[in-house]
Structure formats: C-alpha cells, structure tokens
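Trainee: coords please:
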Amino acid sequence: MALLKSGWLWRQSSVLKRWKLNWCDLWIDGSLCFYKTERRRNLEQRVSLKTLCVDVRSGLECGDVSPPESNPRENLLVVQLKDGSTVNLCANSEDESLAWKLTLLETRRNPMFSYDPYDDSYQAVPLNGYHTVYITPGAGPGTHQVVVHRDPFDDLTEHVVLGLITGMAAGLAMRSFLWMPFFFC
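Mentor: Residues are numbered from 1 along each chain as shown. Below you'll find the predicted structure:
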C-alpha cells in the first residue's frame, strides 16, 4: 500500500486533553495511523478518512483548541468526524500544518484513477481493504504514472434534491387525483 505522508505530529487525547507526540502515517486507502515511534510497531489509533472525515480545519479556523506549549495556533489541525468528535493535531510549523491539511483533504476524496501512459487511458483504482495500490514511475525513460482524484459527490446533491422535489410533486398530484371521485358523489 502506498504511503502518502508521514511524520511527527502532536495529538490531543480525547479524555484528558493532553498533547502527546506521535508518529503519523497517512496511507492511500485513507487510513490515518498514529504510532508511538516511527518504527510503526504499536498502533495507537487508526482513523478512516474516506468513511469518517467530514472536514479538516487548520490554524485560526480551529476555534477553541489550544495548541501544546511553545507551538502557535497556526500549527493546529482539527479533523472533524461524522460522529461529531474531532481529532486534534498540531504540526511543527505552519507550512507543515498546511501540507498535512491539503493531503488529508485530498485523501478523503474518492474514487481514484491511475493514468497509464502506454495506453493513454485512466483506469479506476478500487480502494478498499482487499486491494493494494502501488504508485511507481513508469518503466521507460520520461514516463510516470499519475494518480488523479475526482470527487464523486460533485453533482449528487443537485440530483437528490431534484428527485425529492419531483417525487413530492408527483405524490401530491396522485393523492389529489385519488380523492377526486369522492368529491363528485
């Protein structure tokens, strides 16, 4: 499985609100993993961004989260989850915080396409627990494989709302037609 980003991040515990330094790995399948050391032996927490992440905020957008000592607010990251909880993180610099934010936001998007330069085509890459994705440079000189992200929910909201309105209008029309014979009796 391909590793998108890794490094040391401060993570705030959910109960005592204490900050501790963890090694963090962000995998292409959307898994955000926290370890005690960079050897990746003791997994402390895993967050599936593709299924749980709602939004990622950084810096002054983080609201009332207080950073660890000797770190400014600009280094903060807050990952909002669907259940209403958050994962509070703090990077070592503002640039690193922004890099993590952009990578986290891109990782939670689905689906992914892999570009094959020999066929000049894109192939869908299924991302689930049963598939492994490797991103490597192409075999020939000057060729590379590129991964392109596309948000599948770009037009979904418009279609759902239009379908609901059409369904309600049809239901109201059918309901009024069914009662019409009783009014003429």
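Trainee: Helix, strand, or coil at V15?
Mentor: Here V15 is recorded as coil under DSSP: H, G, I helix; E, B strand; the rest coil.
Trainee: confidence score at it?
Mentor: Per-residue pLDDT puts V15 at 82.
Trainee: now swap in the one 3 residues further on and tell me
Mentor: We note a pLDDT of 91 for R18 in this prediction.
Trainee: which residues does it contact?
Mentor: Q12 (Cβ atoms under 8 Å, 6 or more residues apart in numbering). From N, CA and C alone the C-beta is placed, and that goes for glycine too.
Trainee: And F34, by the same measure?
Mentor: L9, R11, N22, W23, C24, L43, E44, Q45, R46 are the contacts of F34 under Cβ under 8 Å, 6+ apart.
Trainee: Just give the closest residue to the third one, not the sequence neighbours.
Mentor: I take that to be N22. F34 (4.4 Å; Cβ to Cβ, 6 or more residues apart in numbering).
Trainee: State the mean pLDDT of the helix or strand containing the one you found.
Mentor: Take DSSP states H and E as the rule and F34 turns out to sit in strand 31-35. Averaged over strand 31-35, pLDDT sits at 89.
Trainee: one step back: and the contacts of F34 as CSV, adding neighbour count and pLDDT?
Mentor: Converted to CSV, the contacts of F34 look like this (neighbours: other Cβ atoms under 10 Å; pLDDT from 0 to 100):
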residue, neighbour count, pLDDT
L9, 22, 93
R11, 20, 92
N22, 20, 92
W23, 18, 93
C24, 21, 92
L43, 11, 88
E44, 12, 89
Q45, 14, 88
R46, 11, 89
